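> Could you work out the structure for the sequence below:
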Amino acid sequence: MINYKTTFTYTNGVNFPNTKTVNATGAGTADGTELVKAFGDNIWGITQALLDAAGLTPDSVTEAPGTSQILDAIRKISGSPGEGVIWWKSVDPSVSGDRVLLLNGQGILRTSYPELDAATYVGDPDNATASAFYHANDAAGTVRNIAGSYLILLIAGVMYSEGSILLAVSIRTEQVVMWEVFRILRLKILQDHSI
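This next block holds a predicted model:
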């Protein structure tokens, strides 16, 4: 990425990451942030790098809500809500700031994670018997209710001598996905309500 402050003559004069453009002081003046080749190359470079990393090629359609290849690329690279990941880090993601939830059987507020809820909920017919990804009135999952405020996550940890390896589920589109496991786990839950 180019350094905007050193590439452009007219900026707010503040260093990265707070460099901003400035308007010209009036009509006909030339003291606003100039539009130069480096600016266009930087934007094109970002978008092309995203698509390339996601294995996509331009579809020749203007970016818009519902047809954004940039958003598709980000989701493809980072993992969609509900996608499974293997968590190898030794620190809890809530401490490190990574956008995943460990699968410890906990209840999470559906309003806090609407995309995850939509992607993983077992459905109304299975809510009463599923072992995970069902709705409940309480975080412990003891009072099941299809309209409940909580989504109950799966318990999916494996212990080993150095600590624990835990499965985690992506809750936002920023998390890098290492392996896709969620769909297999969910199918198993729906088949016999156990893992």
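> Report how far apart the opening and closing residues of stretch 13-31 are.
13 Å (Cα to Cα, to the nearest Å).
> all helices for the protein, in order.
Remark: helices assigned in the chain by DSSP state H are 4-7, 37-53, 69-78, 93-96, 114-120, 182-192.
> can you tell me which of those comes nearest to Phe133?
The closest of the helices of the chain to Phe133 is helix 114-120. By Cβ to Cβ, the value is 4.6 Å. Every residue, glycine included, has its C-beta placed from N, CA and C.
> residues near Thr25, how many?
Counted with other Cβ atoms under 10 Å, the neighbours of Thr25 add up to 10.
> so who does it touch?
31-32 (Cβ atoms under 8 Å, 6 or more residues apart in numbering).
> burial count for the nearest residue to Gly141 once chain neighbours are set aside?
Leaving out its chain neighbours, the residue that sits closest to Gly141 by Cβ to Cβ, 6 or more residues apart in numbering is Ile152, at 3.9 Å. Neighbourhood size, Ile152 [other Cβ under 10 Å]: 25.
> unless I'm mixing things up, Ile152 is touching Asn137, no?
No. Contact between Ile152 and Asn137 fails when scored by Cβ atoms under 8 Å: they sit 10.7 Å apart.
> Mutual contacts of these two, please.
Common neighbours of Ile152 and Asn137 (Cβ under 8 Å, 6+ apart) do not exist.
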